[in-house]
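Trainee: need the 3D shape of this:
(2 chains)
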There are 2 protein chains.
Amino acid sequence: MEIRVMENIFDENDRTADELRAKFREKNVFVINLLGSPGSGKTSLLEKTLGALSKKFSVAVIEGDLFTARDAERIDRLGVPVVQINTAGGCHLDAPMIKRALDSIDLDALDVLIIENVGNLVCPASFDLGETIRAVVLSITEGDDKPLKYPIIFKDAAIVLLNKIDLLEHTNFDLNSARSDLQSINPTVEIIETSCTKDSGLENWNGWLENKILSGSEKV
Amino acid sequence: MEIRVMENIFDENDRTADELRAKFREKNVFVINLLGSPGSGKTSLLEKTLGALSKKFSVAVIEGDLFTARDAERIDRLGVPVVQINTAGGCHLDAPMIKRALDSIDLDALDVLIIENVGNLVCPASFDLGETIRAVVLSITEGDDKPLKYPIIFKDAAIVLLNKIDLLEHTNFDLNSARSDLQSINPTVEIIETSCTKDSGLENWNGWLENKILSGSEKV
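Mentor: Reported below is the predicted structural model:
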């Protein structure tokens, strides 16, 4: 009984995600599903990314959070259009939520939509949002064992950002081991080391993203 | 339909949790549900805690993970009895999983059971495991906005460990703001700053825990 209902939920989500993907393609909007643990640094990275990105593209953001609008306020301060989705305790965004949020976004005027998912390495992995690519932020303070412990979220990522790399010397995080585990789960994954406090690696990430957007690269 | 089934799942979980709680009480076993984000430092803290705790009490551990037995192996190395639950992608432990794990644990010989939940600040909060207390580990590298963004998990915690406090100077984490937000969500919460790499705050945490165990303090 429970299992059948969960399958129905996934089926319904996938149908809506396919509908969204078709719409994004039709309107030529590149969509990034930004994923990671609570506190991995998704919003800080987004703030840094929007600075560079919005010089070249028309960008909007959807912010997913359980309750507050704190992250949306941070994005709003940058003058970037942002829609807040509060899940009221729910652990992930789903495609129907994105569909409703699109009522407030003019896709015709848009090049890039970034969806910051709820901070969670587990549940958001199972919900397709119709995105073009998935980007996962892994803070190196979380430990190098995370790829093997939470493989589902890393499996379909186009890119993994090893964030807060400036703290590396204060941790026992083994970069080689993390990279090799990521590649064993996802052989084509791009891996970039970033730090938002030291502004390092951000040009690589912005450059990679810009290329993806210009080539309109689809989710595999 | 979905909602009714979710209610049924919670009802079933709560019934089993009540059954477990009665059993733990009957056998005089103090049970800690250890919660936190991926990489907040739950297992490292547990390693440090078990050293002190197992000198005074008979302790066993249940490890919850999506796939690997890495954390259970770390506990096993300390000579502490440990049962691994793999959720196969599931985002939390539930009471029926704990009930099954108890088949491998002799409660008559036990004083303390520590359950390390799946790394997740959202879903585990909604599943009572029949525990005596909840302890939440929040790494200061996750940011001081986490209590207000993920209030459900902090609401019922007996204690919050502000972990990786040795990294404080490298972050913009505001201790006063985090403490005041935690107290607004949960006025009776105990808050202790800890670092497992610098061995700081661990005596406070171990002392607090020992007092709780000796007084057999119940979940409110």
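Trainee: where does the residue nearest the centre of chain A fall, secondary structure wise?
Mentor: Centroid-nearest residue in chain A, with CA atoms, centre = their mean: A:L34, separated by 0.7 Å. Assigned by DSSP states H and E, A:L34 belongs to strand A:30-36.
Trainee: using PDB, list the CA coordinates for that strand.
Mentor: This file holds the C-alpha atoms of strand A:30-36, laid out as PDB (Å, rounded to 0.1, in the frame of the first residue of the first chain):
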ATOM      1  CA  PHE A  30      18.600  26.500 -19.100                       C
ATOM      2  CA  VAL A  31      17.600  25.100 -15.700                       C
ATOM      3  CA  ILE A  32      20.000  24.200 -12.900                       C
ATOM      4  CA  ASN A  33      18.800  22.100  -9.900                       C
ATOM      5  CA  LEU A  34      21.300  23.100  -7.100                       C
ATOM      6  CA  LEU A  35      21.600  20.500  -4.400                       C
ATOM      7  CA  GLY A  36      23.500  19.900  -1.200                       C
END
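Trainee: and after that strand, which helix or strand comes next?
Mentor: Downstream of strand A:30-36, the next assigned helix or strand under DSSP H and E is helix A:42-56.
Trainee: would you mark the buried spots in the worst-scoring helix or strand of chain A on mean pLDDT?
Mentor: Ranked by mean pLDDT, DSSP states H and E, the weakest helix or strand in chain A is helix A:2-26, scoring a mean of 85. Residues of helix A:2-26 classed as buried by neighbour count (16 or more other CB atoms under 10 Å in any protein chain shown): A:V5, A:N13, A:T16, A:A17, A:L20, A:R21, A:F24. Quick note: C-beta positions are derived from backbone N, CA and C, even for glycine.
Trainee: how close does A:S184 get to chain B?
Mentor: Noted for A:S184: a distance of 13 Å to chain B, by CB to the nearest CB, to the nearest Å.
Trainee: quick revisit: spit out the contact partners of the nearest residue to the residue nearest to the centre of chain A once chain neighbours are set aside.
Mentor: The shortest distance from A:L34 to any non-neighbouring residue, by CB to CB, 6 or more residues apart in numbering or on different chains, is to A:E116 (4.8 Å). Shown in contact with A:E116 (CB atoms under 8 Å, 6 or more residues apart in numbering or on different chains): A:L34, A:K42, A:T43, A:L46, A:V61, A:I62, A:E63, A:G64, A:D71.
Trainee: next up, the contacts around the fourth one.
Mentor: Okay, so that is A:L46. Counting by CB under 8 Å, 6+ apart, A:L46 makes contact with A:L34, A:V61, A:I75, A:I114, A:E116.
Trainee: the residues you listed in strands, which ones?
Mentor: A:L34, A:V61, A:I114, A:E116 (DSSP state E).
Trainee: any idea of the mean pLDDT for the strand holding A:L34?
Mentor: Confidence for strand A:30-36, expressed as mean pLDDT, is 98.
Trainee: can you check stretch A:49-64 too?
Mentor: On average, stretch A:49-64 scores 96.
Trainee: hang on, the earlier thing: got a pLDDT number for the residue nearest to A:L34?
Mentor: pLDDT for A:E116: 98.
Trainee: ok, now how distant is it from A:L78?
Mentor: Distance, A:E116 to A:L78, using CB to CB, to the nearest Å: 13 Å.
Trainee: thinking again about what came up before, may I see the ChimeraX selection of the buried members of the contacts of A:E116?
Mentor: Under the burial definition 16+ other CB under 10 Å, those of those that qualify are selected in ChimeraX by:
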select /A:34,42,43,46,61,62,63,64,71
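Trainee: adding distance to B:T188, write the contacts of A:E116 out as JSON lines.
Mentor: Shown next, in JSON lines, are the contacts of A:E116 (distance: CB to CB, whole Å):
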{"residue": "A:L34", "distance to B:T188": "36"}
{"residue": "A:K42", "distance to B:T188": "32"}
{"residue": "A:T43", "distance to B:T188": "30"}
{"residue": "A:L46", "distance to B:T188": "36"}
{"residue": "A:V61", "distance to B:T188": "38"}
{"residue": "A:I62", "distance to B:T188": "37"}
{"residue": "A:E63", "distance to B:T188": "32"}
{"residue": "A:G64", "distance to B:T188": "31"}
{"residue": "A:D71", "distance to B:T188": "29"}
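Trainee: re earlier: pretty sure the residue nearest to the centre of chain A contacts A:I133?
Mentor: No - between A:L34 and A:I133 there is no contact under CB atoms under 8 Å: 9.7 Å.
Trainee: what distance do you get for A:P96 to chain B?
Mentor: To chain B, A:P96 is 12 Å away according to CB to the nearest CB.
Trainee: using just helix, strand and coil, how would you label that residue?
Mentor: helix (DSSP: H, G, I helix; E, B strand; the rest coil).
Trainee: residue contacts, it?
Mentor: A:P96 makes contacts with A:E12, A:N13, A:T16, as judged by CB under 8 Å, 6+ apart.
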